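A.B. asks: no FASTA, just this:
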């Protein structure tokens, strides 16, 4: 199988332009000869088509895309027939969210919230259908000229309803460092709260022009995410709305159990930030001051449990009780 090229016809599609190339696939703009519509084809590089793991990931990406239908998710289309591996998607005329963020840093609140609410609606729909995106980042959101946000790229999405599928080995790359949740750093597959973390990071960056954790070294960045709290947005933007700050910091909690349970819960606060109690910097500092890192807390718990069990066994031994001594003296008489 050779590399696809512009001008070539692939089944019912005429390839007209190259939109992007990655290490694993090329993205082509194409014309559907059956309908005349402009579409997008994602075609793997030939060397990956015989890879079993890659094939399963690619097949799963197409399957999930065909299953999801939401105005803020790029639609995956089903061709009449396929002579090789590829995915067909609707063509969206617009810019990536990353391009918009580069044009204006920071972005105004109304625009930022409007776009993120749309993305959050898409994620809430995905979570309702047991799908976790796991790679939310500005590059994976397209924005049309009229301001409609569209989520794309389900390449490493996780289908929680597919119990038969083994996760290990299907997703060696589990995210993009700047937007990865701390639990992904430890190799866990993530859940709806992982998407909340990534989207919270995106909104933080849109509103402040900065990231919650900043480091040029990816390893240092991942260590900071696992062990330190994010910088409050008001550090970068004096007078930042305290209620919105509380929302952002909750979405960026290091422990998943302290975050929003999913996109639907996050969405409710984003739609009505005025109803959220404002962030109190003093309480935040106190919590950080007295918090015990998990790597220290777990050994402490183990030691306390073992000490309790040892004491219980010691006290319950018959030779260590008064009645035990009394019965012992009776037998010696």
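C.D. replies: Thanks, I have it. Values in this document were obtained by computation on a predicted structure and should not be read as measured data. Numbers count the residues shown, from 1 in each chain.
A.B. asks: could you pull out the strands for the stretch 101-250 of the chain?
C.D. replies: With DSSP state E, counting those that start in this stretch as the definition, the stretch 101-250 of the chain shows strands at residue ranges 131-132, 141-144, 149-151, 158-159.
A.B. asks: quick check, distance from the first one to the centre of its chain.
C.D. replies: When you say that, I think you mean strand 131-132. Relative to the chain's own centre, strand 131-132 is displaced by 9 Å; criterion: Cα atoms, centre = their mean, to the nearest Å.
A.B. asks: ditto for the longest one
C.D. replies: Its chain's C-alpha centre and that of strand 141-144 lie 18 Å apart, by Cα atoms, centre = their mean.
A.B. asks: List the buried residues of that strand.
C.D. replies: For strand 141-144, burial by neighbour count (16 or more other Cβ atoms under 10 Å) applies to 141, 142, 143. C-beta coordinates here come from the backbone N, C-alpha and C atoms, glycine included.
A.B. asks: mind listing what the first one touches?
C.D. replies: Counting by Cβ atoms under 8 Å, 6 or more residues apart in numbering, residue 141 touches 96, 97, 115, 119, 149, 150, 151, 152, 202.
A.B. asks: From residue 151, how far out is the closest residue to it other than its chain neighbours?
C.D. replies: Closest residue to residue 141 apart from its sequence neighbours, by Cβ to Cβ, 6 or more residues apart in numbering: residue 97 at 3.9 Å. From residue 97 across to residue 151, the span is 10 Å (Cβ to Cβ, to the nearest Å).
A.B. asks: and if you look at residue 82?
C.D. replies: From residue 82 across to residue 151, the span is 24 Å (Cβ to Cβ).
A.B. asks: Looking at those two, which is more packed in?
C.D. replies: Neighbour comparison, residue 82 and residue 151: the larger count goes to residue 151, with 23 against 14 (by other Cβ atoms under 10 Å).
A.B. asks: you'd agree residue 17 is in a strand?
C.D. replies: Yes. Counting by DSSP: H, G, I helix; E, B strand; the rest coil, residue 17 is part of a strand.
A.B. asks: how about the closest residue to it other than its chain neighbours, phi and psi?
C.D. replies: Spatial nearest neighbour of residue 17, chain neighbours left out: residue 29 (4.1 Å); criterion: Cβ to Cβ, 6+ apart. Residue 29 adopts backbone torsions of phi -80, psi 140, taken as degrees, to the nearest 10.
A.B. asks: thinking again about what came up before, among the strands of the stretch 101-250 of the chain, which is nearest residue 48?
C.D. replies: strand 158-159 (20.5 Å; Cβ to Cβ).
A.B. asks: If you count contacts, what does the closest one end up packed against?
C.D. replies: Applying 3 or more Cβ pairs under 8 Å, 6 or more residues apart in numbering; DSSP states H and E, one finds that strand 158-159 contacts strand 131-132.
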